[in-house]
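Engineer: Predicted coordinates and the sequence they were generated for:
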Amino acid sequence: MAGLFQRLFARTGAAVPFTIDGEPVEAQEGDLLLTAILLHRPALRRFEFGEGHRAGFCLMAACQDCWVRLADGRRLRACSTPVEPGMAVMIEDDGRD
Amino acid sequence: MTEPVVAIVGAGPAGVRAAETLARGGVRPILFDEGERPGGQIYRQPPRGAGRAAAELYGLEAAKAAAIHRVLPDLADRVDYRPQTLVWNVFQSRLDLLGPDGYGEQRFDRLILATGAMDRALPFPGWTLPGVFTLGGAQIALKAQGMSIGRRVALVGAGPLLPLVAHQYAKAGARIVAVLDATPFAAKIAQLPGMLAEPATLVKGLWYTARNRLRGPKVRYGVGAIRAEGRTQVEALVYRDASGTEHRVDCDAIGVSFGLLSETQLADLAGCAFAFDSLTRQWAPERTPEGRSSVPGIYLAGDGAGIGGADRAELQGRRAALAVLEDLGRAIDAAETAGLDRRLARQARFRNALEGAYPYPAHLLEDVADEEMLCRCEGISVGALRDAALTKEVREMNRLKALTRIGMGRCQGRVCGHAAAELLARACGIDIESVGRLRGQPPVKPIPILGGAP
């Protein structure tokens, strides 16, 4: 699946392995959870009040569009949370029917 | 005598300069920052370990960004800096906090609110598709992460952020496929004399526009009828140019917003009186030129109490801090305050001209369909608003919120509140000022029910 965001500047920094819907992917130290996901996927979560997906909107912790769910039960605002090794992001299998 | 507790909320240009001025005046302020490093959104820094040269990320604003970023490290422990700390309520002389160590409180004697602003959104077909971001969001992807929001990016706006983001994206090597200004070109020419109040800023604006023409697509002015198309994510942007011709641009991401909105919730909770600003069509807490609010002990600086931009925010931060020192009975330099007041007056003249150069894009609200989503949090349509106006005689924003949940979702009306007021006023045939404003409610942002670190 193609990602939405494009890294324009290569930089040094440790690789950060995490998973999206069980698939192993990699981010880099200093990436936010939002950008880490959107480098690999076109969206962050399913929309809970209707059809479709959401990918965030303001990136400044105001619009609350980017809350994602982890397999361990945590819910995180992805634009203000650094990605951590081992995070297991659930997009399609988000605990709802 | 115990030292007075002076708290500042927000570590953008206003909050940082306020903290610096207080520290130099012999007061050690507590500076609360929801972010992890100072700079606010306009000078947002990358997380630690992800640094880039400022020139690559901020363009011509690099020197100012670097200066703001240096202030707190230079002051060291003369400022009590509390990053990653959300102030989610003001109750009398107490702040309610959520920080790295969980919930907390802070009593204060004086409070400077420097809460900043966010992009003003307007609904259009497809605006909730993945790939649509605000211009500010597009800028943060670049500044804080060194990333572009897509492979083929269209930018749409109605304010000075549009040429700035276009400049920064082009300089970073992103592929920009359209730069669309919803306001007319003639308005910019008409306001040139007023913008000469700040010639350096005007020259930068002209430079961005000229560079954008050299590097990317020509800027189109006076566009309307915009819509994002795509099945599950953005695939194209469709718009009408000033002559009425429709265009379609293939793209996978759109940065779009129409001016800025002040973040006013905490000022509201602090009991500050508000006034309607007809130029920017929004309510803002009243402040004197020196930064005093209507409530003794509460001071206001920067875009959180009316849009003025980062340069003015720095001046207002310093000025409000001087007002605090003066009210605490400390000696302040009369020449410094007089100089700041002169520069602030010049900034105000420039700002009025700038607002005139980017007039409100009311034409984008003319034909919004009933089925269009207004509240992105909970998926409530424009039709629900019109139905409430028609069948329940709703004429006021808080009544609208109670009956439709518009403004009651996770964002607390930050995203939909402005458009809802404009559309409610139109549905009722009254002016926007008459429908009022959404009251601020604690917590001003979502917080976990269980304490401890979120």
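Structural biologist: Nice, thanks for sending it over. Numbers count the residues shown, from 1 in each chain, chains lettered A, B, ... in the order given.

Engineer: can you pull the pLDDT of residue B:53?
Structural biologist: At residue B:53, the model reports a pLDDT of 58.

Engineer: neighbours of residue 33, just the number please.
Structural biologist: Just so you know, I chose chain A. By the criterion of other CB atoms under 10 Å in any protein chain shown, residue A:33 has 24 neighbours. C-beta: built from backbone N, CA, C; applies to glycine.

Engineer: oops, chain B please
Structural biologist: Neighbour count of residue B:33, defined by other CB under 10 Å: 25.

Engineer: Same question for residue B:309.
Structural biologist: Counted with other CB under 10 Å, the neighbours of residue B:309 add up to 22.

Engineer: just the strands in chain A please.
Structural biologist: Assigned by DSSP state E, chain A shows strands spanning A:6-7, A:15-20, A:23-28, A:45-46, A:53-54, A:67-70, A:75-77, A:88-90.

Engineer: Quick check: mean pLDDT of the first one?
Structural biologist: Regarding strand A:6-7, the rounded mean pLDDT is 96.

Engineer: With the fifth one instead?
Structural biologist: When pLDDT is averaged over strand A:53-54, the result is 98.

Engineer: ok, it: who's next to it in the sheet?
Structural biologist: According to DSSP bridges, strand A:53-54 forms sheet pairs with strand A:45-46 (antiparallel).

Engineer: ok so, going back, TSV please, covering the strands of chain A and showing mean neighbour count and distance to residue B:102.
Structural biologist: As requested, the strands of chain A are exported to TSV (neighbours: other CB atoms under 10 Å in any protein chain shown; distance: least, CB to CB, whole Å):
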stretch	mean neighbour count	distance to residue B:102
strand A:6-7	18	34
strand A:15-20	16	25
strand A:23-28	16	27
strand A:45-46	20	26
strand A:53-54	20	28
strand A:67-70	20	20
strand A:75-77	18	16
strand A:88-90	20	24
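
Engineer: Would you mind giving the ones you listed as a markdown table with distance to residue B:60 added?
Structural biologist: Shown next, in a markdown table, are those (distance: least, CB to CB, whole Å):
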| stretch | distance to residue B:60 |
| --- | --- |
| strand A:6-7 | 23 |
| strand A:15-20 | 33 |
| strand A:23-28 | 28 |
| strand A:45-46 | 36 |
| strand A:53-54 | 33 |
| strand A:67-70 | 35 |
| strand A:75-77 | 31 |
| strand A:88-90 | 37 |
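
Engineer: Quick one: closest of those strands to residue B:207.
Structural biologist: In terms of CB to CB, the element of those nearest to residue B:207 is strand A:6-7, at 25.7 Å.

Engineer: The residue in the stretch 201-350 of chain B that chain A sits nearest to: neighbour count?
Structural biologist: For the stretch 201-350 of chain B, the residue closest to chain A is residue B:233, as judged by CB to the nearest CB, at 4.5 Å. For residue B:233, the number of neighbouring residues by other CB under 10 Å comes to 22.

Engineer: List the contacts of it.
Structural biologist: Each residue near residue B:233 by CB atoms under 8 Å, 6 or more residues apart in numbering or on different chains is listed here: A:4, A:42-43, A:53, A:55, B:129-131, B:252.

Engineer: Please repeat the previous calculation with a cut-off of 7 Å.
Structural biologist: Counting by CB atoms under 7 Å, 6 or more residues apart in numbering or on different chains, residue B:233 touches A:42-43, B:129-131, B:252.

Engineer: residues near residue 36, how many?
Structural biologist: Just so you know, I chose chain A. Neighbour tally, residue A:36, other CB under 10 Å: 28.

Engineer: meant chain B, my bad for not saying
Structural biologist: Burial of residue B:36 is recorded as 16 neighbouring residues (other CB under 10 Å).

Engineer: That one reaches residue B:81, doesn't it?
Structural biologist: No: using CB atoms under 7 Å, residue B:36 is not in contact with residue B:81, being 11.2 Å away.

Engineer: Residue B:357: what's its closest spatial neighbour, skipping adjacent residues?
Structural biologist: residue B:191 (4.1 Å; CB to CB, 6 or more residues apart in numbering or on different chains).

Engineer: Just grab the bridge partners of residue B:32 for me.
Structural biologist: For residue B:32, the beta-bridge partners are residue B:9, residue B:82 (DSSP bridges).

Engineer: could you measure it against residue B:395, distance?
Structural biologist: The gap separating residue B:32 from residue B:395 is 37 Å, by CB to CB, to the nearest Å.

Engineer: before we move on, what about residue B:105?
Structural biologist: For residue B:105, the distance to residue B:395 equals 38 Å [CB to CB].

Engineer: Pick out whichever of the two has more residues nearby.
Structural biologist: Remark: of residue B:105 and residue B:395, residue B:395 carries more neighbours, 17 against 10, as counted by other CB under 10 Å.

Engineer: Quick check: phi and psi on that one?
Structural biologist: Recorded main-chain torsions at residue B:395 are phi -130, psi 0, according to degrees, to the nearest 10.

Engineer: Setting the sequence-adjacent residues aside, check what's closest to it.
Structural biologist: For residue B:395, ignoring the flanking residues on the chain, the nearest one in space by CB to CB, 6+ apart is residue B:428 at 5.5 Å.

Engineer: and the residue nearest to residue B:433 when sequence neighbours are not counted, helix, strand or coil?
Structural biologist: Setting aside the residues directly before and after it, residue B:433 is nearest to residue B:276 in space (CB to CB, 6+ apart), at 4.6 Å. Under DSSP: H, G, I helix; E, B strand; the rest coil, residue B:276 falls in the strand class.

Engineer: residues in contact with residue B:121?
Structural biologist: Residue B:121 is in contact with B:134, B:257, B:415, B:419, counting by CB under 7 Å, 6+ apart.
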